[in-house]
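Peer 1: Got a sequence here, can you build the structure:
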Amino acid sequence: MSDKQPKADLANPIEIQFEKLTEPFNRFVSNQISGALLLVLATFAALIVVNSPLKDYYYALEHIEFGLVFNDYEIRKSLHHWVNDGLMVLFFFLLGLEIKREFIAGELQSFSQSSTVIMAAFGGMIVPALIFAAFNYDSESAAGWGIPMATDAAFALGALVLLGSRVPSGLKVFLVALAIVDDIGAIIVIAVFYTEQLNLQLVFVAAGLFALLLIMNRLGIRKPLPYLLVSILLWYATLLSGVHATVAGVLAAFAIPARPRLHPRNLAKKLRSAAKQMDQIDKNPETEMLAEASNHEVVESVEERAKETKTPLRSWETTLERPVSLFVIPIFAFLNAGIVISLDTINAMIPATISWGIIAGLVLGKPIGIVLMSWIAIKLNWGQLPENVTLKHITGVGLLAGMGFTMSIFIASLSFPNHPEMLTQAKLSIMLATALAGILGVIWLWVLSAKDN
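Peer 2: Down below sits the predicted model:
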């Protein structure tokens, strides 16, 4: 009996050729910078379409209305609103899952591990907001103070991945944790400061639904369907309450169970038993797997045991990560980055305090705040940096954190919903600041790594 059956023996030539054809696509989907690349392409596509004869089609697409009708009741919104208030909930749900995981088993699970990151993120939010406020004090544009507080994790991590082994591995961990804390701050800002007039009755309904999700968690419910149904109701109640609907995504994520049903030892025991039975298949795998129902039952029982060993939180996160980065965020970028760039737009942008506040906040405020608070944390012995990471490296991370894009544009749309000229200036400034911060961050870390070597 042979020790193992080569994979090629079980696949026909067409299958092998198909796998070769699809492998480049599979590699692209699993690549860490794919989401950032699609985000850039979607942004450029929107800018090209809006600044071409096709712009009327873009605006028509953006304002297409559709919804649901129940007898005399209906909910209708434009495509733009469905994306910003609906589809983006998945983005915030994924953020919530990542935040919960980091606090339970990641870099934020203890004060000694998280203190420096939390202080750095705090500085990276406060200083940019103060810079923007200084430029826009006592003016109509002051509402945009939250715009430069944000960091686009996809862009920042994508830029860092490009540097590969030239930077310490701990730097990526620091940036991930920093982005998570930054996202927490952005979510709080959206929930508290960018909320419309509240309907307290519906706020209480949403709170009750959130409590129901937490009770389901404590009762040991692991199936996704109950959480999905209650989360949809939570989103709808939040949408109508005046609180921005994306907050519902974060609340629902916090209620997703993080504990596995079975201990991994149970899976290990089942795998050993299954391996013995599968090892008896010697002649024709196809015939024996079809003929013997017990063989299929063994495989199915292993699959079931594996599902019960996984944590629902990690399973949901893994399931949503690619669709959100490769589908949700590019669609959001395409429908929100479409701005007309003309000589008049540029002339209006140059003296605008919105532009200076955003660019200075993201490009200067982020690194200043992050480095300053990191230095204070270290000097006061409240925390430490990852191994082989210095404050010079943190300066590079601070620059990359100035790539605000997705969350900054999202907050800008909440800041100036009835001021299209201000919104255009804000979006264009965000794009310029993101590009500038990314270029400066990569150059800084590249030169720093060259000196270290």
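Peer 1: Helix, strand, or coil at R222?
Peer 2: coil (DSSP: H, G, I helix; E, B strand; the rest coil).
Peer 1: Please report how far it lies from G106.
Peer 2: Distance, R222 to G106, by CB to CB, to the nearest Å: 22 Å. Every C-beta, even on glycine, is put in place using the N, C-alpha and C of the backbone.
Peer 1: Longest helix in the protein, please.
Peer 2: The helix that spans the most residues within the chain, counting by DSSP state H, is helix 420-452.
Peer 1: still on that earlier bit, which one's more surrounded, R222 and G106?
Peer 2: R222 (20 against 17; other CB atoms under 10 Å).
Peer 1: Can you tell me how far that one is from K310?
Peer 2: R222 is 10 Å from K310, by CB to CB.
Peer 1: try A120
Peer 2: 33 Å.
Peer 1: before we move on, what about E102?
Peer 2: As judged by CB to CB, E102 and K310 stand 18 Å apart.
Peer 1: more neighbours, the two?
Peer 2: E102 (21 against 16).
Peer 1: in what helix or strand does that one lie?
Peer 2: helix 88-105 (DSSP states H and E).
Peer 1: Can you list the buried residues in that helix?
Peer 2: Within helix 88-105, the residues that count as buried by 16 or more other CB atoms under 10 Å are 88-103.
Peer 1: same question, stretch 339-359
Peer 2: For stretch 339-359, by 16+ other CB under 10 Å, it's 339, 348-349, 352-359.
Peer 1: Repeat that for stretch 424-431.
Peer 2: So, applying 16+ other CB under 10 Å, buried residues of stretch 424-431: 424-431.
Peer 1: again with stretch 57-69
Peer 2: For stretch 57-69, the neighbour count (16+ other CB under 10 Å) marks 58, 61-62 as buried.
Peer 1: Switch those residues over to a markdown table; also include secondary structure.
Peer 2: Shown next, in a markdown table, are the buried residues of stretch 57-69 (three-state DSSP):
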| residue | secondary structure |
| --- | --- |
| Y58 | helix |
| L61 | helix |
| E62 | helix |
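Peer 1: Redo these as CSV? Include distance to F416 and pLDDT.
Peer 2: Converted to CSV, the buried residues of stretch 57-69 look like this (distance: CB to CB, whole Å; pLDDT from 0 to 100):
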residue, distance to F416, pLDDT
Y58, 20, 91
L61, 22, 90
E62, 16, 87
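Peer 1: and of those, the nearest to I376?
Peer 2: Lowest distance from I376 to the buried residues of stretch 57-69 (CB to CB) belongs to E62, with 45.0 Å.
Peer 1: Low-confidence regions, the stretch 301-450 of the chain specifically.
Peer 2: In the predicted model, the stretch 301-450 of the chain carries pLDDT under 70 at residues 302-308.
Peer 1: switch to 90 and redo it
Peer 2: 301-327, 329, 336-350, 381-389, 404-407, 414, 417-420, 448-450 (pLDDT under 90).
Peer 1: any chance you could map the helices in it?
Peer 2: Assigned by DSSP state H, counting those that start in this stretch, the helices in the stretch 301-450 of the chain fall at 312-323, 329-336, 343-349, 353-360, 366-379, 391-400, 405-415, 420-452.
Peer 1: Ok, the stretch 51-200 of the chain next?
Peer 2: Using DSSP H, counting those that start in this stretch, the helices of the stretch 51-200 of the chain run over residues 55-62, 79-82, 88-105, 111-135, 153-163, 169-193, 200-218.
Peer 1: what packs against the first one?
Peer 2: If I follow you right, that is helix 55-62. The contact analysis (3 or more CB pairs under 8 Å, 6 or more residues apart in numbering; DSSP states H and E) places helix 55-62 against helix 34-50, helix 79-82.
Peer 1: The last one now?
Peer 2: Helix 200-218 sits against helix 224-241, helix 246-254, with contacts defined as 3+ CB pairs under 8 Å, 6+ apart.
Peer 1: Can you show me the CA trace of the shortest one as PDB?
Peer 2: Extracted in PDB, the C-alpha atoms of helix 246-254 (Å, rounded to 0.1, in the frame of the first residue of the first chain):
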ATOM      1  CA  THR A 246     -23.400  52.100  10.600                       C
ATOM      2  CA  VAL A 247     -23.100  52.100  14.500                       C
ATOM      3  CA  ALA A 248     -25.500  49.200  14.400                       C
ATOM      4  CA  GLY A 249     -22.800  47.200  12.600                       C
ATOM      5  CA  VAL A 250     -20.300  47.700  15.400                       C
ATOM      6  CA  LEU A 251     -22.900  46.900  18.100                       C
ATOM      7  CA  ALA A 252     -23.900  43.700  16.400                       C
ATOM      8  CA  ALA A 253     -20.300  42.600  16.000                       C
ATOM      9  CA  PHE A 254     -19.700  43.100  19.800                       C
END
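Peer 1: now the angle from it to helix 169-193?
Peer 2: 130 degrees (axes from the mean of the first three to the mean of the last three CA atoms, to 10 degrees).
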